[in-house]
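Engineer: following is a predicted model, sequence given first.
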Amino acid sequence: MPKYTRSIRNLKAVLKKFAPMATLAILLTNCSGNQVVDVRDFGAVGDSLTINTQSIQAAINAAAERNGGTVIIQEGNYITGTIELKSNVTLAIEEGAALLGSTRQDDYSDEIATLTDGIGQKFGYALIYAKGVENIKLTGEGTIDGRGFTEYFSGRRGDKRPSLIRIEDSKNITVEKLTLKNSAFWVQHYRHSSDILVDGITVDSRVNGNNDGIDIDGCERVIIQNSSFDTSDDSIVLKSLSNREVRDVLVQNNWIRGDKSAFKTGTESVAGFRNIIVKDLEVEHTRGINLYTVDGGIMDSVEISNIKMKDSYAVILLRLGARMNSFDQETEAKQEPGSLSNISISNIIAEGVTVNKDFISGIPGHSIRNVQISDVTINFAESADFAFTTAEVPERIGSYPVDGMFGPLPSLGFMIRHARGIELQNIHYTTPEEVDSPALIKCIHSESISMEQITLNGQLAATTGCN
């Protein structure tokens, strides 16, 4: 039995235990202190004008002092700056209510902005923040609207750019039912935390740059399910900005529309990613599934299945690189590249693909290993823009990982380079007309490549040069 199969089974057992634990945590949160606190009793006014930061924080503090409870925000539009959640407190934003982010930068705490992302930006500002807490919940049929428009929060000016939610060093976290919209930066950032359930939320954020739908950073035991994401950046992202790896993650039954990756790992990848399941996604207008590790992190045991894509501009990208950045102030950069191995990808249908950009690419001396890709259909769009090369493809060992990073590829389908133990089975390509490509699948500096039932426009394709 392959190692990653055992690991995935172990993950399923872990998450099966986690689900009732998460439900119990929710019940405990709701029952703690048996208190219901209304922010209006602390002076909050939902008139779209009043800054309510102090009133809402006072209500949260009061619930925490009573051993926990539920803080409710009822009908109205409540403007606030940074508020901080406390242990055993539920924040319930009810239907017809909206928590609006202040458009004044001074209303966001500077003390929590201590991080640096993959392109060197300082960040960490947030509308809702928590650190070192447990048993917290964000719920309700209402809305959190960051109002993060560029006229108020511009990356070009070096402005503060708050996320809607940032939670770190915490456990037993639930975010459900809410609509999250118009963030100035990443919509949600969960860091160094455990037992996280994100269920039934709606993310709609296209008003600024770096609008990732959700970022999971150095966390374990995470479920993201039954939700929709419409963003101008990556949608669901796993990151490792420190020496804490991401592990035991289930992403299932989500709808995604975005301008960049539907699911991505590793543009920050110091420690790495282990035991990940992604399944049952409907995806529109993205660059598909992107598995990267470029900062010394280990990626091991990832299972991706049952993905429907529409109008994508890449389908599957796997990259092991050696940029070797360190983003955490207390973490030194690693000296050796990590590894990317034990990956299973199956049952992918991609309709209307607009370009040929898919690759599985390691670097010299560090191969991607043990990847199984099966039952994949890639139908190129009528307007697809094909680009090919017969020249040597640049390695770009230390580059930021992204589609198109190598320029034109030598194949219509996968370019496989610096890889070993790759199995492709039942991979089917269609093009709107005959395309003169150098190869369907191109293998470079790779070995132990197995291919069965690879077709182009219904005909079995020659795949010589890959064995």
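Structural biologist: Structure's in. What do you need? Residues are numbered from 1 along each chain as shown.
Engineer: now for Leu127: which residues touch it?
Structural biologist: 80-83, 99, 101, 108, 144, 146, 162-165 (Cβ atoms under 8 Å, 6 or more residues apart in numbering). All C-beta spots, glycine's among them, are computed from the backbone N, C-alpha and C.
Engineer: the same query, at a cut-off of 10 Å, please.
Structural biologist: By Cβ atoms under 10 Å, 6 or more residues apart in numbering, Leu127 lies in contact with 53, 80-83, 99-102, 107-108, 144-148, 162-166, 180, 183-184.
Engineer: what do you get for Leu49?
Structural biologist: 77, 79 are the contacts of Leu49 under Cβ under 10 Å, 6+ apart.
Engineer: so where's this structure uncertain?
Structural biologist: 1-33, 117-121, 464-467 (pLDDT under 70).
Engineer: for the spatially most central residue of the chain, grab phi and psi.
Structural biologist: What sits nearest the mean C-alpha location of the chain, by Cα atoms, centre = their mean, is Val237, with 1.4 Å. In terms of degrees, to the nearest 10, the main-chain angles of Val237 are phi -130, psi 130.
Engineer: and what of Gln54?
Structural biologist: Dihedral angles (degrees, to the nearest 10) for Gln54: phi -70, psi -40.
Engineer: what's the spacing between the spatially closest residue to it that is not a sequence neighbour and Ala98?
Structural biologist: Leaving aside its sequence neighbours, Gln54 sits nearest to Gly43 (Cβ to Cβ, 6 or more residues apart in numbering; 7.8 Å). Separation of Gly43 from Ala98 (Cβ to Cβ, to the nearest Å) stands at 18 Å.
Engineer: now swap in Ile298 and tell me
Structural biologist: 42 Å.
Engineer: cool, and Asp248?
Structural biologist: On the measure of Cβ to Cβ, Asp248 and Ala98 end up 34 Å apart.
Engineer: before we move on, back to that, neighbour-wise, which of Gly43 and Ala98 wins?
Structural biologist: Shown here are Gly43 and Ala98; by other Cβ atoms under 10 Å, Ala98 has more neighbours (19 against 13).
Engineer: so which residues of the stretch 51-200 of the chain form helices?
Structural biologist: Using DSSP state H, counting those that start in this stretch, the helices of the stretch 51-200 of the chain run over residues 53-65.
Engineer: related to what we said a few turns ago, pull the contacting residues for the residue nearest to the centre of the chain.
Structural biologist: Contacts of Val237 by Cβ under 10 Å, 6+ apart are 186, 188-189, 212-217, 260-261, 263-268, 290.
Engineer: check Asp403 too.
Structural biologist: Asp403 neighbours (Cβ under 10 Å, 6+ apart): 260-261, 287-288, 290, 312-315, 317, 319, 355, 357-359.
Engineer: now Ala333: how far from Tyr292?
Structural biologist: 17 Å.
Engineer: and the two? which has more neighbours close in?
Structural biologist: Between Ala333 and Tyr292, counted using other Cβ under 10 Å, the more crowded position is Tyr292 (26 against 12).
Engineer: in space, what's closest to the more buried one - neighbours in sequence excluded?
Structural biologist: Excluding the flanking residues, the one nearest Tyr292 by Cβ to Cβ, 6+ apart is Gly266, at 3.6 Å.
Engineer: what's the first helix or strand after the one helix or strand that neighbour maps to?
Structural biologist: In the assignment (DSSP states H and E), Gly266 maps to strand 263-269. Downstream of strand 263-269, the first helix or strand assigned by DSSP H and E is strand 272-284.
Engineer: that next one versus strand 263-269: what angle between them?
Structural biologist: With axes from the mean of the first three to the mean of the last three Cα atoms, to 10 degrees as the basis, strand 272-284 and strand 263-269 are set at 140 degrees to each other.
Engineer: strands paired with strand 272-284, and their directions?
Structural biologist: strand 246-258 (parallel), strand 298-310 (parallel) (DSSP bridges).
Engineer: follow-up on the earlier one: show me the beta-bridge partners of the residue nearest to the centre of the chain.
Structural biologist: Beta-bridge partners for Val237, by DSSP bridges, are Asp215, Lys264.
Engineer: now the one 10 residues further on
Structural biologist: Judged by DSSP bridges, the bridge partners of Arg247 are Glu220, Arg274.
Engineer: from Glu220, how far off is it?
Structural biologist: Distance from Arg247 to Glu220, by Cβ to Cβ: 5 Å.
Engineer: contacting residues for Ser205?
Structural biologist: 145-146, 148, 164, 180-188, 211-213, 229-233, 258.
Engineer: that older thread, which of the contacts of Asp403 sits closest to Asn275?
Structural biologist: Among those, Asn290 lies closest to Asn275 (Cβ to Cβ), at 18.4 Å.
Engineer: is that closest one bridged to anything, and to what?
Structural biologist: Under the criterion used (DSSP bridges), Asn290 bridges to Lys264, Leu317.
Engineer: count of residues packed around it?
Structural biologist: Asn290 has 25 nearby residues by other Cβ under 10 Å.
Engineer: I'd guessed it sits against Phe263; true?
Structural biologist: Yes. Under the criterion of Cβ atoms under 10 Å, Asn290 makes contact with Phe263 at 7.2 Å.
Engineer: need the residues touching each of these two.
Structural biologist: 234, 237.
Engineer: picking that back up, mind checking how far the residue nearest to the centre of the chain is from Ile73?
Structural biologist: Distance check for Val237 against Ile73: by Cβ to Cβ, it reads 28 Å.
Engineer: what does Asn182 give?
Structural biologist: 17 Å.
Engineer: so these two - more neighbours on which side?
Structural biologist: Legend: neighbour count by other Cβ under 10 Å for Asn182 and Ile73, higher for Ile73 (27 against 21).
Engineer: let me see the contact set for the more buried one.
Structural biologist: 38-40, 44, 46, 52, 56, 59, 80, 91-94, 96-99, 140, 142, 144.
Engineer: report the buried members of those.
Structural biologist: 39-40, 44, 46, 52, 56, 59, 80, 91-93, 97-99, 140, 142, 144 (16 or more other Cβ atoms under 10 Å).
Engineer: any idea how this protein splits into domains?
Structural biologist: Following automatic domain parsing, one gets these domains for the chain: 1-230, 234-467.
Engineer: count the residues that sit near Ile224.
Structural biologist: 26.
Engineer: other SSEs contacting the helix or strand hosting it?
Structural biologist: Assigned by DSSP H and E, Ile224 falls within strand 220-225. Judged by 3 or more Cβ pairs under 10 Å, 6 or more residues apart in numbering; DSSP states H and E, strand 220-225 is in contact with helix 3-31, strand 171-176, strand 188-191, strand 194-199, strand 214-217, strand 246-258, strand 272-284.
Engineer: make it 6 Å
Structural biologist: Applying 3 or more Cβ pairs under 6 Å, 6 or more residues apart in numbering; DSSP states H and E, we find strand 220-225 packed against strand 194-199, strand 246-258.
Engineer: roughly how far is that strand from the heart of the chain?
Structural biologist: 11 Å (Cα atoms, centre = their mean, to the nearest Å).
Engineer: excluding its own residues, what touches that strand? List them.
Structural biologist: 18, 194-199, 216, 247-253 (Cβ atoms under 6 Å, 6 or more residues apart in numbering).
Engineer: just curious, which of these is nearest to Ala130?
Structural biologist: Distances from Ala130 to the contacts of strand 220-225, taken by Cβ to Cβ, are shortest for Ile196, at 11.8 Å.
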